[in-house]
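Student: The sequence and its predicted three-dimensional model are supplied below.
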Amino acid sequence: MYCNYCGKVIPDDANLCAYCGKRVAGVVARKRLVRPRVGRKAAGVCLGFAEYFDLDVTLVRIVWAVCSLFGLFGVVAYFAAWIVMPEEPLMLSAPASAPDQAVKTS
Ligand SMILES: [Zn+2]
């Protein structure tokens, strides 16, 4: 990619421009460990890890469930991740039909 400030070619994964030293991260949305709002089963911890590490969310849930079965580590880790992982920022265009937020018509 190109630096926005000096126009030099820099590596795609660079955070700082090697030529002018300006911060260039943020042009491409950085991958962050967040709890997605859509598609979560409980707190979105497993989904967040799955998206961060590019894994199948089902696999993450199974592994996490197995860890929880064989000791308290999984449970503690889940709640720890729940607390420390920020929630995904609200999207401007929220999906019309979120599965856990059914529109109530009265
Ligand atoms: Zn630059």
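Tutor: Noted; the coordinates are in hand.
Student: Please count neighbours and contacts with C-alpha atoms only from this point.
Tutor: OK.
Student: any idea which element Val76 lies in?
Tutor: Per DSSP states H and E: Val76 is located in helix 73-84.
Student: Please enumerate residues in contact with stretch 60-73?
Tutor: Under the criterion CA atoms under 8 Å, 6 or more residues apart in numbering, residues 46-47, 49-50, 74-75 lie in contact with stretch 60-73.
Student: burial measure for Ala42, as a count.
Tutor: Here the count is done by other CA atoms under 10 Å, and Ala42 has 9 residues near it.
Student: and the gap between it and Arg61?
Tutor: As defined by CA to CA, to the nearest Å, Ala42 lies at a distance of 11 Å from Arg61.
Student: and the end-to-end length of stretch 47-65?
Tutor: 13 Å.
Student: ok so, going back, for the helix holding Val76, which residues meet the burial criterion?
Tutor: Within helix 73-84, the residues that count as buried by 16 or more other CA atoms under 10 Å are 74, 78, 81-82.
Student: Would you mind listing the residues in contact with Cys46?
Tutor: Neighbour list for Cys46: 57, 60-61, 64 [criterion: CA under 8 Å, 6+ apart].
Student: Let me have the residues you listed in CSV, extended by pLDDT.
Tutor: Shown next, in CSV, are the contacts of Cys46 (pLDDT from 0 to 100):
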residue, pLDDT
Val57, 83
Val60, 78
Arg61, 83
Trp64, 77
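Student: Among the residues you listed, which one lies nearest to Arg32?
Tutor: Closest to Arg32 out of the contacts of Cys46 is Val57 (16.1 Å), distances taken as CA to CA.
Student: now that closest one: how far from Cys20?
Tutor: Distance from Val57 to Cys20, by CA to CA: 40 Å.
Student: and what of Val84?
Tutor: 34 Å.
Student: ok, back up a step: and the contacts of stretch 60-73, which two are the farthest apart?
Tutor: Ala50 and Val75 (17.2 Å).
Student: Kindly report the residues of this protein close to the ion.
Tutor: With the criterion set to CA under 5 Å from the ion, the chain comes near the ion through 3, 5-6, 17, 20.
Student: run the last query once more with 6 Å
Tutor: Residues of the chain lying close to the ion by CA under 6 Å from the ion are 3, 5-6, 8, 17, 19-20, 22.
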